[in-house]
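how does the following fold in three dimensions:
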Amino acid sequence: MKKLILKNRWFLLSYSIFFTTCIILLSIYSKPDLHILLNKANAPFFDFFFKNITHLGDGTMIGVLGVVFLFIKFRSAIAFLLGSIPAAIVVNIFKKVLTHDMYRPSKYFELFESYKLHLVEGVKLHSLQSFPSGHTATAFSVFLMLALVTKSNVGKLLLFFGAVVVAYSRVYISQHFMEDITVGSIISVVLMLAAFYWVQRWHKPWLDNSVLTTHTQSK
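Presented below is the predicted three-dimensional model:
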């Protein structure tokens with residue numbers, strides 16, 4: 001595990017800074033005050049940008065990338081699915097069972113605060129199941145897995161920023177609070193690292209094949 005962490009330190013160190021920053025902000029500000037502070041930083045360009053980039057956190061991304069990895073290496077596909085699917089399950093247990101009645105920002109401010117949120121036109125806002133953020137969990141599963149199989153350190157860093165941008169989009173469009181994306185991210189990072197490390201230790205040569213190489217060998 002130490003070797004895996006060192007190899008991916010550009011992503012993981014950056015994530016540590018991001019996670020620590022989130023914890024500090026959450027300890028300084030109340031949940032609504034922090035959301036108001038972030039909500040005030042808006043512009044038409046960012047409305048358009050975050051409204052569209054947030055879809056990279058859709059659950060369908062897990063299926064798409066899972067299929068793509070089958071054409072690259074079975075080991076990667078299995079590791080990705082063993083990390084992302086349990087993360088999605090954990091998130092949904094919280095969202096739909098343990099914290100089902102936690103309000104999303106739009107509903108929270110409608111009921112408890114006098115501040116009028118800046119809302120992005122065309123975004124269908126939900127009322128409940130705010131904690132944690134499923135889109136953030138998916139984004140970190142996808143981008144971390146890509147970072148784990150990428151050799152370039154610069155590539156790993158860019159993938160980290162990709163995950164953060166998608167995560168922050170959920171706050172920008174007021175689908176989630178900062179605490180939601182913070183917890184969503186850590187769930188995925190921990191489970192994806194554990195899954196990748198575990199599968200890498202499987203001494204099965206066929207796992208390093210893909211759909212393409214298997215098809216070629218069968219001819």
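
which SSE is residue 101 in?
Under DSSP states H and E, no helix or strand contains residue 101.

I'd like to know how far it sits from residue 108.
Separation of residue 101 from residue 108 (CB to CB, to the nearest Å) stands at 11 Å. For the C-beta atoms, the positions are set from N, CA and C on the backbone; glycine is no exception.

do residue 25 as well
Distance from residue 25 to residue 108, by CB to CB: 18 Å.

between these two, which one's more packed in?
The residue with more neighbours, out of residue 25 and residue 108, is residue 108; 19 against 15, by other CB atoms under 10 Å.

which residues sit in contact with that one?
32, 130, 177 (CB atoms under 8 Å, 6 or more residues apart in numbering).

can you put those residues in CSV and add secondary structure, neighbour count and distance to residue 199?
What follows is those, written out as CSV (DSSP: H, G, I helix; E, B strand; the rest coil; neighbours: other CB atoms under 10 Å; distance: CB to CB, whole Å):
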residue, secondary structure, neighbour count, distance to residue 199
32, helix, 16, 42
130, coil, 26, 32
177, coil, 25, 33
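
and which of the residues you listed is nearest residue 63?
Nearest to residue 63 among the contacts of residue 108 is residue 130, at 24.4 Å by CB to CB.

pretty sure that closest one contacts residue 178?
No. Judged on CB atoms under 8 Å, residue 130 makes no contact with residue 178 at a distance of 11.2 Å.

low-confidence stretches in the chain?
The model of the chain has pLDDT under 70 over residues 214-219.

could I get the full set of helices for it?
Using DSSP state H, the helices assigned to the chain run over residues 2-7, 9-28, 31-39, 44-53, 60-70, 74-93, 105-112, 134-149, 153-172, 178-200, 211-217.

residue 120: which of those is closest?
Across the helices of the chain, closest to residue 120 is helix 44-53 (CB to CB), at 4.7 Å.

just checking, what packs against that closest one?
helix 153-172 (3 or more CB pairs under 8 Å, 6 or more residues apart in numbering; DSSP states H and E).

by how many degrees do the helix it packs on and helix 60-70 diverge?
Counting by axes from the mean of the first three to the mean of the last three CA atoms, to 10 degrees, helix 153-172 points 160 degrees away from the direction of helix 60-70.

buried residues, helix 153-172. List them.
The neighbour-count check on helix 153-172 (16 or more other CB atoms under 10 Å) flags 156-160, 162-172 as buried.

tell me the one among the residues you listed nearest to residue 146.
residue 159 (5.2 Å).

hmm, that closest one is touching residue 148, no?
No. With contact defined as CB under 8 Å, residue 159 does not count as touching residue 148 (9.3 Å).

which outside residues touch stretch 31-40?
Under CB under 8 Å, 6+ apart, the answer for stretch 31-40 is 25-26, 29, 105, 108-109, 112-113, 115, 117-118, 171-172, 174, 177-179.

what about it, distance to the chain center?
Chain-centre distance of stretch 31-40: 21 Å, with CA atoms, centre = their mean, to the nearest Å.

equivalent analysis for stretch 103-119, please.
Stretch 103-119 sits 24 Å away from the centroid of its parent chain (CA atoms, centre = their mean).

identify the contacts common to residue 101 and residue 108.
Counting by CB under 8 Å, 6+ apart, nothing touches both residue 101 and residue 108.

from residue 32, how far out is residue 118?
Using CB to CB, residue 118 is found at 14 Å from residue 32.
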